[in-house]
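J.: Quick one, what's the 3D model for this:
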Amino acid sequence: MKFKIKQIKSVAGALLLGSAVNASAADQTILNTSYDIARELFASYNPVFQKHWEEKTGQTVEIKQSHAGSSKQARSILQGLPADVVTFNQVTDVQILADRGKLVAEDWKQKLPNNSSPYYSTTAFLVRKGNPKNIHDWGDLAKEDVGLVFPNPKTSGNGRYTYLAALGYAQDQFGKDNTDAQNGFLKTFLANVAVFDTGGRGATTTFVERGIGDVLITFESEVNNIRQQYGVDDYEVVVPKTSILAEFPVAVVERNAKKNGTLDVSTEYLSYLYSEESQRLLASFNYRVHNDVVKAEVADRFPEVKLLTVEEIAGGWPQAMQNIFANGKQLDQLQRR
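T.: This is a model prediction of the structure:
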């Protein structure tokens, strides 16, 4: 028995040593802190970038990932999580790192094209086979006996996009000055929510695995990925005629990257997302991209949508956070029964 215990300890030690050797085998290590539903995307992108970086510099890089709700990730970085780069789904979650922590450059939006958003999406619906509740547009989500599932706008950037998209539809449908009609629609829309999950992945689990709700509302990229993963014959994707431009901002956490000696590789990690190779990979995950060649290749997969911006709907993210999502403001007021 003693021999076996010693043998087990020896093997465990060898495994730990092997892990240490493997971990230190790369010339550099960076940490990408990202949003909840981006796990599979960056698991595919990282090997592509590692190959590119080694061909360009002759150096190897290990890429570690951290995933959670975008706002939660921003708070973690402010509290000391040593991220080298952030790949988020909401501008305010990057901006807070510049405003409060001086961790990100003040002009981070100008560092890369398209306001440092290498890809984008919009908000869409996933319904069950046959579309039994006859869902085609936002107005259908306020019908009786329709159960909705989407992340809580209080905790999720994904959820905030959903609420703002619904508000944008109401403004477009009833007129921007007709707040009574807008609020009437939004009250019913919110009353139909069966479950508010804390993040996008939790909402997917609720809808697909727990079978709750008639409509899952999330990013267009996510509803298509879910349908491909869980069964194209079991679900249908509905893209409304009017929705929101959902940007996915990226930035180097310069204070950490300089301290870690990873500024160059971190900068290139984000820049390479704009390459034709990477844009094609992003499109394969059902994100809309900016590269003209790739856009032409995948044009038939992305329906025409009237994309409203956060600025058009709410005046911008600071105004949205202050006037809509802050405690006691519009969202809270409309949820009071």
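
J.: Please, which helix or strand holds residue 218?
T.: strand 215-219 (DSSP states H and E).

J.: Remind me what that strand packs against, helices and strands.
T.: strand 123-128, strand 148-151, helix 157-174, helix 200-204 (3 or more C-beta pairs under 8 Å, 6 or more residues apart in numbering; DSSP states H and E). In this view, the C-beta of every residue, glycine as well, is placed from N, C-alpha and C.

J.: most tightly surrounded among those?
T.: Of all the helices and strands packed on strand 215-219, strand 148-151 carries the top mean neighbour count, a mean of 27, counting by mean count of other C-beta atoms under 10 Å.

J.: show me the contacts for residue 121.
T.: 219-222, 246, 248, 286-288 (C-beta atoms under 8 Å, 6 or more residues apart in numbering).

J.: what about 7 Å?
T.: 219-221, 246, 287-288 (C-beta atoms under 7 Å, 6 or more residues apart in numbering).

J.: quick one: which of those is nearest residue 106?
T.: Taking C-beta to C-beta as the measure, residue 246 is the one of the contacts of residue 121 closest to residue 106, at 23.7 Å.

J.: I'd assumed residue 123 was in contact with that closest one.
T.: Yes - judged on C-beta atoms under 7 Å, residue 246 makes contact with residue 123 at a distance of 6.5 Å.

J.: so where is the protein shaky, pLDDT-wise?
T.: Scanning the chain for pLDDT under 70 picks out 1-24, 337.

J.: Point to the residue nearest the middle of it.
T.: residue 89 (4.1 Å; C-alpha atoms, centre = their mean).

J.: OK, contacts around the closest residue in space to residue 197 that isn't next to it in sequence?
T.: In space, and not counting its chain neighbours, residue 197 is closest to residue 203: 4.2 Å by C-beta to C-beta, 6 or more residues apart in numbering. Residue 203 sits next to 149-151, 197, 216, 218 when contact means C-beta under 7 Å, 6+ apart.

J.: how close does residue 203 sit to residue 255?
T.: As judged by C-beta to C-beta, to the nearest Å, residue 203 and residue 255 stand 33 Å apart.

J.: So the protein: which segments form each domain?
T.: Following the assignment in automatic domain parsing, the chain carries domains at 2-119+247-301, 123-244+305-335.

J.: Pick the most deeply packed of those.
T.: domain 123-244+305-335 (a mean of 19).

J.: so how far is it from its chain's centroid?
T.: 15 Å (C-alpha atoms, centre = their mean, to the nearest Å).

J.: what residues are up against residue 102?
T.: Contacts of residue 102 by C-beta under 7 Å, 6+ apart are residue 255.

J.: Hmm, residue 145 and residue 214 touching each other?
T.: No - under the criterion of C-beta under 7 Å, residue 214 is not in contact with residue 145, lying 8.2 Å apart.

J.: hang on, isn't residue 307 packed against residue 245?
T.: Yes - contact criterion C-beta under 7 Å: residue 307 and residue 245 qualify, at 4.3 Å.

J.: Do me a favour and get the end-to-end distance for stretch 134-152?
T.: Using C-alpha to C-alpha, to the nearest Å, the end-to-end distance of stretch 134-152 comes to 24 Å.

J.: tell me the strands in the stretch 151-300 of the chain, going along the chain?
T.: For the stretch 151-300 of the chain, applying DSSP state E, counting those that start in this stretch gives strands covering 193-197, 215-219, 235-238, 242-244, 246-247, 250-252, 288-289.

J.: ok so, going back, shared neighbours of residue 307 and residue 245, anything?
T.: residue 122.

J.: what's near enough to touch the residue nearest to residue 255 when sequence neighbours are not counted?
T.: Leaving aside its chain neighbours, residue 255 sits nearest to residue 103 (4.7 Å; criterion: C-beta to C-beta, 6+ apart). Shown in contact with residue 103 (C-beta under 7 Å, 6+ apart): 77, 97, 253, 255-256.

J.: hang on, residue 103 in a strand?
T.: No - per DSSP: H, G, I helix; E, B strand; the rest coil, residue 103 lies outside any strand segment and is coil.

J.: and it, how far is that from residue 151?
T.: Remark: distance between residue 103 and residue 151 (C-beta to C-beta) = 25 Å.

J.: What of residue 204?
T.: 10 Å.

J.: next one: residue 59
T.: For residue 59 relative to residue 151 (C-beta to C-beta), the value is 38 Å.

J.: now residue 198
T.: 7 Å.

J.: do residue 312 as well
T.: Residue 312 is 22 Å from residue 151, by C-beta to C-beta.

J.: what do you get for residue 170?
T.: For residue 170 relative to residue 151 (C-beta to C-beta), the value is 20 Å.

J.: now residue 297
T.: 31 Å.

J.: ok, now residue 270?
T.: Applying C-beta to C-beta to residue 270 and residue 151 gives a distance of 25 Å.
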